[in-house]
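> Please find the sequence and the predicted model below.
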Amino acid sequence: MAGRIAATAELCRAVDKALDALVVRIAAEAAEEGWTSGRMRDTSADYHDRLQQALVGPRRVADARLQAQAQR
């Protein structure tokens, strides 16, 4: 079981890296067409969140969300 869990975790990391590359590439293409970050966010908040995660790293985004929740 430990081996399957480790293999699954590695697969998740690989998929995350691939998604990071994809959302950053799409954002670059959108920027070339004149799209702003705000327009991307207005079009899809989920995409914009994933882009932010790709740009700053998943831990920092998660940490920021936890801090924001703690301040509520």
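Here it is on my side, so go on.

> Which other helices and strands does the strand or helix carrying residue 4 contact?
Under the criterion of DSSP states H and E, residue 4 resides in helix 2-32. The contact analysis (3 or more CB pairs under 8 Å, 6 or more residues apart in numbering; DSSP states H and E) places helix 2-32 against helix 37-43, helix 45-56. (Glycine included, C-beta is placed from N, CA and C.)

> at 10 Å what do you get?
helix 37-43, helix 45-56, helix 58-71 (3 or more CB pairs under 10 Å, 6 or more residues apart in numbering; DSSP states H and E).

> Now the longest one: average pLDDT?
The average pLDDT within helix 58-71 is 65.

> Kindly report the same for the shortest one.
Confidence over helix 37-43, taken as the mean pLDDT, stands at 94.

> contacts for it?
Contacts to helix 37-43, defined as CB atoms under 10 Å, 6 or more residues apart in numbering, come from residues 23, 26-27, 30-31, 35-36, 47-49, 51-52.

> Make JSON lines out of the residues you listed and add distance to residue 9.
JSON lines is the format used below for the contacts of helix 37-43 (distance: CB to CB, whole Å):
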{"residue": "23", "distance to residue 9": "21"}
{"residue": "26", "distance to residue 9": "26"}
{"residue": "27", "distance to residue 9": "27"}
{"residue": "30", "distance to residue 9": "31"}
{"residue": "31", "distance to residue 9": "33"}
{"residue": "35", "distance to residue 9": "34"}
{"residue": "36", "distance to residue 9": "36"}
{"residue": "47", "distance to residue 9": "25"}
{"residue": "48", "distance to residue 9": "26"}
{"residue": "49", "distance to residue 9": "22"}
{"residue": "51", "distance to residue 9": "23"}
{"residue": "52", "distance to residue 9": "23"}
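
> Among these, name the buried ones.
23, 27, 30, 48, 51-52 (16 or more other CB atoms under 10 Å).

> and the angle for the helix holding residue 4 with helix 45-56?
100 degrees (axes from the mean of the first three to the mean of the last three CA atoms, to 10 degrees).
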